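In: Return a 3D structure for these sequence lines:
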Amino acid sequence: MKLHVIFIVHNQFELMKNGLDMLRVWAGINQDDVVIVDNASEDGLQQWLYEQKNLNYIVCENEMEGYAVILNTVIREFQITGDILVLSPNFIVLPNTIEQMQRVLYSQERVGAVSAATIPYGSEHGKEYLTAVDYAQNTPVGSSVSIGKLGLEPGAVMIKSTMREEVGEFDLRLILPQSCMMDFMFRGIIKGYQLLECQEVFLFQSGVSGIEYLQKFGDEVDRDVLKEKWDMNYFNDRPNENLISCIQKDKEEDFNILEVGCDCGVNLLEVKNRFPNVKLYGLELNDHAAEIASCIAEVKVGNIEDRELQYEDVKFDYIIFGDVLEHLRDPAATVRYCKLFLNDNGRIIASIPNLMHYSVMRGLIDGYFTYKDTGLLDRTHIHFFTYNEIIRMFDEEGYEIENIYSVVSPQEVTREDSDFIVNLVNMSRGAEGFMFHTFQYIVSAKKKGENIKDV
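Out: Okay, here's the model as predicted:
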């Protein structure tokens, strides 16, 4: 199938020219099969394009256009019927990359789109670049490993023509690359297509893909559309590594996992990538998210607090709560109820936000407890936890905590923050510094073995 490359460029003239050279040298892509979109650049790209005689291009002269508008326009104007590779100049292809991606795209009939692994590119990564180029040049086509994904890198994704035909156009209301492509991919998943990432095929990435859109439009520009269409404020396509790392099973072992509040199934899909013989189950409130997750696991729509789980004698080795317990009216009763569905050696794995985080404490001392759309004070949180309250809840409901560890916020802790934490510890009666520094706790708890309480 013919491949068309769509370059979407905003003030990345030199990167784009380098990318064109790499496509020609290492992928054998004819420039007749490339369309360059100048998305309101101010770095000379427009004039350069006007001077070229054998390039296909579109120029957005007045202002940046949304990602969906650009893709639909290119496909329509150039009457593209084959596969497409949407490529940001931030990504540089390596030897065999395109050929390997095409091989994976056609490895199964219902593979709809693929992407490749990425490595940061720049002077500080020169050694990695040379190593990867050498690896790619000496890697036989057909030897790459692929894993299932819920979403793919919007700036470097290859989409099969049959999936485009079935899914239809990109949603013109969506501006940002991530939300535009995720919406399209979700629609493809619902129609039975798989998304794969080639783990041993590389693209080099320079800078942050799509940052120009965030700077221009902000990260909330698509929120109303996503809320109306999917009943979601944002798409989550990144698995919670902290939760998944708590699964202690051999790779080929058979076992059962239930995720309560499984969203679109990103955690369950990653579990399947690592444990191919696992049996996946999910419970989700959102009908749209459950529809997507149902393409990955056996998913039911419902509320865990309704106490209506019915799994026909299925017992679970793990029940996962990823940022869910804080949304429940009675989380203690819920973990007690879950004992009915756990194997004797089963575990609950949970990620739980920490109310004692220094950022919340600072606000309280100043007289504020302001709810937000996301974060520790998410307005949908109706139950709050500290380290001691987590320990107490699981203990009282008949569990023994095997592991509980801290996850800190990626936000940098300043000297002022550190001094504030020290003062909080000094004012407390036995609290430790980690209790104020922890953003979220990861808990793994097993049944103590006594009789299950009435539920």
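In: Give me the mean pLDDT for stretch 162-170.
Out: Stretch 162-170 carries an average pLDDT of 97.
In: Can we start the residue count at 38 from this point?
Out: Got it, the first residue is 38 from now on, which makes the last one we talked about stretch 199-207.
In: chain center to it, what's the gap?
Out: Between the centre of stretch 199-207 and the centre of its chain there are 22 Å (Cα atoms, centre = their mean, to the nearest Å).
In: which of the residues in that stretch are buried?
Out: 200, 201, 204, 207 (16 or more other Cβ atoms under 10 Å). Bear in mind the C-beta positions are built from the backbone N, C-alpha and C, glycine included.
In: Return that stretch as CSV; C-alpha atoms alone will do.
Out: Only the C-alpha atoms of stretch 199-207 are listed here, as CSV (Å, rounded to 0.1, in the frame of the first residue of the first chain):
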residue,chain,number,x,y,z
THR,A,199,-8.7,0.8,6.0
MET,A,200,-8.9,2.2,9.5
ARG,A,201,-9.2,5.7,8.1
GLU,A,202,-12.0,4.6,5.8
GLU,A,203,-13.9,2.9,8.6
VAL,A,204,-13.4,5.6,11.3
GLY,A,205,-13.9,8.6,9.0
GLU,A,206,-12.5,12.1,9.3
PHE,A,207,-10.7,13.6,12.2
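In: next structured bit after the helix-or-strand element of the chain with minimal mean pLDDT?
Out: When each helix and strand of the chain is scored by mean pLDDT, DSSP states H and E, helix 163-174 comes last, with a mean of 56. Following helix 163-174 in sequence order, the next helix or strand is strand 183-185 (DSSP states H and E).
In: Quick check: which helices or strands does that next one pack against?
Out: Packing partners of strand 183-185 (3 or more Cβ pairs under 8 Å, 6 or more residues apart in numbering; DSSP states H and E): strand 231-242, helix 303-311.
In: Going by residue numbers, what spans are strands in the stretch 88-237 of the chain?
Out: Secondary structure of the stretch 88-237 of the chain by DSSP state E, counting those that start in this stretch: the strands cover 93-97, 120-124, 128-130, 148-157, 183-185, 193-196, 231-242.
In: rewinding a little: residue 106: which of the helices and strands packed on strand 183-185 is closest?
Out: Evaluated over those, closeness to residue 106 peaks at strand 231-242, with 23.0 Å, by Cβ to Cβ.
In: Check what contacts the following helix or strand past the closest one and list those residues.
Out: Remark: after strand 231-242, the chain's next helix or strand is helix 248-254, criterion DSSP H and E. By Cβ atoms under 8 Å, 6 or more residues apart in numbering, the surrounding residues in contact with helix 248-254 are 47, 48, 76, 101, 104, 212, 213, 214.
In: residues near the fourth one, how many?
Out: Right, the one you point to is residue 101. 18 (other Cβ atoms under 10 Å).
In: What separation do you get for it and residue 254?
Out: Distance of residue 101 to residue 254, computed by Cβ to Cβ, to the nearest Å: 8 Å.
In: Let's see which of the contacts of helix 248-254 end up in helices.
Out: If you go by DSSP state H, the contacts of helix 248-254 have 104, 214 in helices.
In: and which of the contacts of helix 248-254 is nearest to residue 342?
Out: The nearest one, if we look at those relative to residue 342 and count by Cβ to Cβ, is residue 213, at 34.3 Å.
In: tell me the contacts of the closest one?
Out: Contacts for residue 213 (Cβ under 8 Å, 6+ apart) come out as 103, 104, 247, 250, 251, 254, 256, 258, 259.
In: And the pLDDT at it?
Out: 96.
In: Kindly report the same for the one 5 residues further on.
Out: Model confidence at residue 218, expressed as pLDDT, equals 96.
In: just checking, it touches residue 193?
Out: No. Residue 218 is not in contact with residue 193 according to Cβ atoms under 8 Å; the separation is 10.5 Å.
In: Compare these two and say which is more crowded by neighbours.
Out: residue 218 (27 against 23).
In: ok, now which ones touch that one?
Out: By Cβ under 8 Å, 6+ apart, the contact list for residue 218 reads 104, 123, 188, 189, 191, 194.
In: for residue 154, what are its contacts?
Out: Counting by Cβ under 8 Å, 6+ apart, residue 154 touches 234, 235, 236, 237, 238, 239, 240.
In: Which among those count as buried?
Out: Those of the contacts of residue 154 that meet the buried threshold are 234, 235, 238, 239, 240, by 16+ other Cβ under 10 Å.
In: Put together TSV for the residues you listed, with distance to residue 290 on each row.
Out: Listed next are the buried ones among the contacts of residue 154 as TSV, based on distance: Cβ to Cβ, whole Å:
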residue	distance to residue 290
234	24
235	26
238	29
239	31
240	34
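In: ok so residue 374 is a helix residue?
Out: Yes. Under DSSP: H, G, I helix; E, B strand; the rest coil, residue 374 sits within a helix.
In: how deep is it tucked in, by neighbour count?
Out: Using other Cβ under 10 Å, residue 374 has 18 other residues around it.
In: Surely it touches residue 344?
Out: Yes. Using Cβ under 8 Å, residue 374 makes contact with residue 344 at a distance of 5.8 Å.
In: before we move on, back to that, can you tell me which of the contacts of helix 248-254 lies closest to residue 95?
Out: Nearest to residue 95, judged by Cβ to Cβ, of the contacts of helix 248-254 is residue 76 at 9.0 Å.
In: could you say what helices and strands the strand or helix carrying residue 473 packs with?
Out: Assigned by DSSP H and E, residue 473 belongs to helix 470-474. Here helix 470-474 touches helix 395-402, strand 436-445, helix 452-464, going by 3+ Cβ pairs under 8 Å, 6+ apart.
In: Quick one: distance of it to the chain centre.
Out: Put simply, helix 470-474 sits 28 Å off its chain's centre (Cα atoms, centre = their mean).
In: Next: stretch 325-336.
Out: Distance, stretch centre to chain centre, for stretch 325-336: 16 Å (Cα atoms, centre = their mean).
In: which residues does residue 280 contact?
Out: Neighbour list for residue 280: 304, 357, 359, 386, 387, 388, 479 [criterion: Cβ under 8 Å, 6+ apart].
In: for the contacts of residue 154, which one is nearest residue 337?
Out: Nearest to residue 337 among the contacts of residue 154, with distances taken as Cβ to Cβ, is residue 234, at 28.2 Å.
In: beta partners of that closest one?
Out: Beta bridges link residue 234 to residue 152, residue 184 when assigned by DSSP bridges.
In: Would you check that it makes contact with residue 187?
Out: No. The criterion here is Cβ under 8 Å, and residue 234 misses it with residue 187 at 10.4 Å.
In: Next up, phi/psi of residue 279, please.
Out: Note on residue 279: its backbone torsions stand at phi -60, psi -40 [degrees, to the nearest 10].
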